[in-house]
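[1] starting from these lines, generate the structure:
(one chain, ligands or ions: 1)
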Amino acid sequence: MPFRDIVGHERVTTRVARAVARETLPPCMLLTGPGGVGKRLLATAIAQALNCGALRRDASGPALDGCGTCSACRRIASGAYPDVLVLEPGESGAITIDQVREAIEQVGYRPFEGRRRVVIVDDADLLVPAAQNALLKTLEEPPGRSQFLLVTARPDMLLDTVRSRCPCLRLGQLAVDEIAAILTGRGADEQVARPVAAAAGGSVGRAVQMTLRDRQESREAAMGLLRSVSAAPDAKARLAGARDFAAGRGSKRAPAADRRELRERLRALAALLRDVALVAAGAGEPPANADLDGSLRELAAAWTGARAPRAFAAVGEALDAVDRNVSPKVVADWVACRL
Ligand SMILES: [Zn+2]
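    Residues are numbered from 1 along each chain as shown. Prediction:
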């Protein structure tokens, strides 16, 4: 996918496209940012711009972009181009020293058919320390006509020595509108795309993974909890609401699946709270869950003033607790008492 087709991140892609045109792109770079925002797509776009057979020049400025359709661009996108190597974790869940050594050996040769040898290390935080050390010297003095792109959502897991050799390009979260545009581009209904985008926490990857059914169930559970805490603020009613909210879909779910589900429900809760606050404040902006407009209006009276922002912050803390492996039941009870 060429730079111009990447949704969002315009400042970053423009900068990179210009650096490609001026041949000033640093030979080793770290592409960071949250999961599912397009880091790997950007790495592919860079590989295409460096090897495309029919480069496009931007009329408005000094920037180059791959065409996306020539043989090189198509093979780079499908992972079948000899001058673009992708290192990914294998069955062991890590990127091994052998994978790194093999890549280093290959970049020592002239490109086979393209202009640049590109090495994309995806999930670079999964490079074992010995593999990172093996990379160091190459990152310090990369062979001419080579380009290293280390892609990771967790740059802090890399050795300082690796990080210090790679200028960092950071991609931020995508806006709800941008994610919704990607989903509708893939055929999703606008009514469905916006609520999914709102609950996806800035990640297209997550938005795409969330099936409509999962999202619907998460939203119903979140709405149930909001109703029970809005109408009955005593502890007993809150804990009863929490029980339903934390209940998994099946009885034999693994804890990790329960946690995933609770995370989605908490995200749905955050999106609903945002909407309720919006309606309560009488803002003209339409809520992300526009199809629930009637229910949101019913709830709005209970969520005026500081209550909604406070509840929103509590949901954020609950999400952190889920990530720290706190039991889903404890998290649900805690959040229900803070709403
Ligand atoms: Zn091309």
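[2] are we agreed that Leu30 is in a strand?
    Yes: using DSSP: H, G, I helix; E, B strand; the rest coil, the assignment for Leu30 is a strand.
[3] interface residues of the protein facing the ion?
    Counting by CB under 5 Å from the ion, the chain comes close to the ion at 52, 54, 66-67, 70, 73. Bear in mind the C-beta positions are built from the backbone N, C-alpha and C, glycine included.
[4] in helices, which of those residues fall?
    Among the residues of the chain next to the ion, the ones falling in helices (DSSP state H) are Cys73.
[5] got a quick ChimeraX command for the buried subset of the residues of the chain next to the ion?
    The buried residues among the residues of the chain next to the ion can be selected in ChimeraX (16 or more other CB atoms under 10 Å) with this line:
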select :52,66,67,70,73
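[6] list the contacts for Val151?
    Residues near Val151 by CB atoms under 8 Å, 6 or more residues apart in numbering: 31, 39-40, 43, 120-124.
[7] out of the residues you listed, who's nearest the ion?
    Nearest to the ion, judged by CB to the ion, of the contacts of Val151 is Ala43 at 15.9 Å.
[8] name the SS class of that closest one, please.
    helix.
[9] among the contacts of Val151, name the ones in strands.
    In this view, those that belong to strands under DSSP state E are 31, 120-122.
[10] pLDDT and neighbour count for the contacts of Val151 - can I get that in a markdown table?
    A markdown table is the format used below for the contacts of Val151 (pLDDT from 0 to 100; neighbours: other CB atoms under 10 Å):
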| residue | pLDDT | neighbour count |
| --- | --- | --- |
| Leu31 | 98 | 28 |
| Lys39 | 95 | 25 |
| Arg40 | 95 | 19 |
| Ala43 | 97 | 24 |
| Ile120 | 98 | 24 |
| Val121 | 97 | 27 |
| Asp122 | 96 | 18 |
| Asp123 | 95 | 20 |
| Ala124 | 97 | 29 |
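[11] Val279: which of these is nearest?
    Val279 lies nearest to Lys39 out of the contacts of Val151, by CB to CB, at 35.3 Å.
[12] tell me who's in contact with the closest one.
    By CB under 8 Å, 6+ apart, the neighbours of Lys39 are 31-33, 151-153, 171.
[13] any regions of the stretch 101-250 of the chain where pLDDT drops low?
    Counting by pLDDT under 70, the low-confidence segments of the stretch 101-250 of the chain come to 189, 191-192, 211-213, 232-233, 248-250.
[14] quick one, strands of it?
    With DSSP state E, counting those that start in this stretch, the ranges of strands along the stretch 101-250 of the chain come out as 117-122, 146-152, 168-170.
[15] could I get the phi/psi values of the residue nearest the centre of the chain?
    Per CA atoms, centre = their mean, the C-alpha nearest to the average position across the chain is that of Gly36, at 2.5 Å. Note on Gly36: its backbone torsions stand at phi 70, psi 20 [degrees, to the nearest 10].
[16] separation between the residue nearest to it when sequence neighbours are not counted and Gly38?
    With sequence-adjacent residues excluded and distances taken as CB to CB, 6 or more residues apart in numbering, Gly36 is closest to Gly205, at 2.2 Å. Remark: distance between Gly205 and Gly38 (CB to CB, to the nearest Å) = 9 Å.
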